[in-house]
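Student: pasted the sequence and its predicted model underneath.
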Amino acid sequence: MKHTQLYIYILLGFLLSTLSLDAQSNKQKALEQQRQQILKEIKEFRAILQGKKKEEKSEISLIEDLTYKVRKRQNLIRVTNEQANLLTREINTNQKEITSLRTQLQELKDDYAAMLVKAYKSKSEQSKVMFLLSSDNFKQAYKRLQYIKQYANYQKEQAEAIKAKTKELQDLNIQLSKQKEDKQKLIEENRVAKRELEKELKEREVLMASIKSDMSKFAAQIKKKQQEADRLDKEINRLIREAIAASNKKAGKATSTGKFVLTPADKIVGDNFESNKGKLGWPVSRGVIKSKFGKGRSLTDSSVEVNNPGVKIATEANADVKAVFNGEVSKIVIVKNGNPAIIVRHGNYLTIYTNLSKIYVKSGDKITTGQVIGQVFTSKSSGEAMLGFRIYKNSQKLNPQYWLAK
């Protein structure tokens, strides 16, 4: 009974520790994926900046670039800290497990040693034969024979259990050593990241101080950019309403719900688009999301809140813009004092590509996934190329980051 309980406790302890370690391991993998994605974005943005023209950039552009880098660096440090802290917890868990395993191993060895001593005292074949022959009847002799076999099997099981527990202990020691190395590596990488962050924060501080004397001029520039963005949003929303109304009228089902009435063919396209959520190709070959969807803080002035209807992707100068999915060009958007945009329909979904310099399609064109439909506008003074990308379901704005492939 004592041995059975010992095995049950060992088994339960092993299962619980395995489940805990698996959960920690999965979280560690998720954090590492997140860290690698941030590192990739930092590298990509650095490459984009190096590829820009060498003309002097505006102070606003410089501040936006530095703010983006600072935010990415802060996020990298946060994720790396989480990884290091999780590793610390895993190391502590494993050290406790090693202590427990050593105790269990010693108990098994003590138990096995006692068994060997007992076996030694009655080791002769003669004593076993006498043990059987001294039975009162055949039934008792049979039971004694079964006992001898069970005892021999139990000895083998104990030996195997000691071997297995020793191997488990060795594996855990190797794992612990690897975890300590990983933690040290993360700590060192974080030191480097913090030094880079301090450098970027100082650069931004110096730049912000240099423009304080002429804040009115930069405030006017920011206001002008916001007015242009507002005009574009207003025009896009108007064109979407018109497109829905025209499509529904053509289908003979005029409605004011703000939703497309879908034909069977339109429904297939919309369903296919929806099934590719998180798998859509990027609208440019190379780029990083510099401004996220929804409410956030301005890259220029952190005290100012902005509400982006899509994402802004920093990319290479004169980059080609590609359709993210099969569809039909619904509208070409032209606004006064602004750059054109393209609205592409995919059933009851719309993708919108803004801040273009060239357009290679026209309204009504059928387009395919990956087809080049235009070119991103590139600032002559700074070399900055920024594509605006949006996704709508009917007239509802969606977060493109949930739809684009990682």
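Tutor: Happy to help now that I have it.
Student: please count neighbours and contacts with C-alpha atoms only from this point.
Tutor: Will do.
Student: give the buried residues for stretch 305-324.
Tutor: Neighbour counts using 16 or more other CA atoms under 10 Å place 306, 308-324 of stretch 305-324 among the buried residues.
Student: can you give the domain ranges for the chain?
Tutor: Domain assignment for the chain by automatic domain parsing gives 2-212, 235-402.
Student: from the middle of its chain, how far away would the shortest one be?
Tutor: Taking CA atoms, centre = their mean, to the nearest Å, one finds domain 235-402 lying 24 Å from the centre of the chain it belongs to.
Student: okay, how far is it across that domain, tip to tip?
Tutor: 25 Å (CA to CA, to the nearest Å).
Student: re earlier: I'd like to know which of the domains of the chain is closest to Lys225.
Tutor: Nearest of the domains of the chain to Lys225, taken as CA to CA: domain 235-402 at 9.7 Å.
Student: helices and strands of the protein: which one bottoms out on pLDDT?
Tutor: The weakest-scoring helix or strand in the chain, judged by mean pLDDT, DSSP states H and E, is helix 125-133 (a mean of 53).
Student: select the longest strand from the chain.
Tutor: strand 385-393 (DSSP state E).
Student: only alpha carbons, please: show that strand as PDB.
Tutor: Output of strand 385-393 as PDB, limited to C-alpha atoms (Å, rounded to 0.1, in the frame of the first residue of the first chain):
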ATOM      1  CA  ALA A 385       6.400  57.300 -48.700                       C
ATOM      2  CA  MET A 386       3.300  56.500 -46.600                       C
ATOM      3  CA  LEU A 387       0.400  54.400 -47.800                       C
ATOM      4  CA  GLY A 388      -3.000  54.700 -46.100                       C
ATOM      5  CA  PHE A 389      -4.900  51.300 -46.100                       C
ATOM      6  CA  ARG A 390      -8.400  50.700 -44.900                       C
ATOM      7  CA  ILE A 391     -10.900  47.900 -44.800                       C
ATOM      8  CA  TYR A 392     -14.700  48.400 -44.500                       C
ATOM      9  CA  LYS A 393     -17.500  45.900 -44.100                       C
END
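Student: so for that strand, mean pLDDT?
Tutor: For strand 385-393, mean pLDDT rounds to 95.
Student: stretch 96-108 too?
Tutor: Here the average pLDDT along stretch 96-108 is 74.
Student: what's around the closest residue to Pro340 other than its chain neighbours, how many residues?
Tutor: Residue nearest to Pro340 in three dimensions, not counting chain neighbours: Ile334, with 4.8 Å by CA to CA, 6 or more residues apart in numbering. For Ile334, the count of nearby residues is 14 (other CA atoms under 10 Å).
Student: need phi/psi at Ile334.
Tutor: Dihedral angles of Ile334 (phi, psi; degrees, to the nearest 10) stand at phi -120, psi 120.
Student: hang on, isn't it packed against Ile342?
Tutor: No - applying CA atoms under 8 Å, one finds Ile334 not in contact with Ile342, separated by 9.1 Å.
Student: who touches the nearest residue to Val376 once chain neighbours are set aside in this structure?
Tutor: Nearest residue to Val376, sequence neighbours excluded (CA to CA, 6+ apart): Leu356, at 4.4 Å. Counting by CA atoms under 8 Å, 6 or more residues apart in numbering, Leu356 touches Asn339, Pro340, Ala341, Gly374, Gln375, Val376, Phe377, Leu387.
Student: show the pLDDT at Leu356.
Tutor: Leu356 is given a pLDDT of 95.
Student: so Asn276 touches Trp403, yeah?
Tutor: Yes - contact criterion CA under 8 Å: Asn276 and Trp403 qualify, at 7.4 Å.
Student: and these two? Which one has more around it.
Tutor: Shown here are Asn276 and Trp403; by other CA under 10 Å, Trp403 has more neighbours (19 against 14).
Student: what residues sit buried inside stretch 267-275?
Tutor: Lys267, Val269, Gly270, Phe273, Glu274.
Student: avg pLDDT for that stretch?
Tutor: 95.
Student: mind listing the helices in this protein by residue range?
Tutor: For the chain, the helices defined by DSSP state H occupy 2-51, 59-121, 125-133, 138-211, 215-250, 264-275.
Student: for the second one, packing partners?
Tutor: Under the contact criterion of 3 or more CA pairs under 8 Å, 6 or more residues apart in numbering; DSSP states H and E, the helices and strands touching helix 59-121 comprise helix 2-51, helix 138-211.
Student: confidence-wise, which of the ones you listed is weakest overall?
Tutor: The bottom spot among the helices and strands packed on helix 59-121, by mean pLDDT, belongs to helix 2-51, with a mean of 67.
Student: could you count how many residues lie near Val192?
Tutor: 12.
Student: still on that earlier bit, show me the buried residues of stretch 305-324 that map onto strands.
Tutor: By the criterion of DSSP E, membership of the buried residues of stretch 305-324 in strands covers Val306, Asn308, Val311, Lys312, Ile313, Ala314, Thr315, Asp320, Val321, Lys322.
Student: in TSV: these, plus distance to Lys292 and pLDDT.
Tutor: Listed next are these as TSV, based on distance: CA to CA, whole Å; pLDDT from 0 to 100:
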residue	distance to Lys292	pLDDT
Val306	10	78
Asn308	7	88
Val311	5	94
Lys312	7	93
Ile313	9	93
Ala314	11	91
Thr315	15	91
Asp320	21	96
Val321	19	97
Lys322	20	97
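Student: and which of these is nearest to Val329?
Tutor: Among those, and counting by CA to CA, the member closest to Val329 is Lys322, at 12.6 Å.
Student: how about the closest one, what does it touch?
Tutor: Listed by CA under 8 Å, 6+ apart, the contact partners of Lys322 are Trp282, Pro283, Val284, Thr369, Gly370, Gln371, Val372, Ile373, Gly374.
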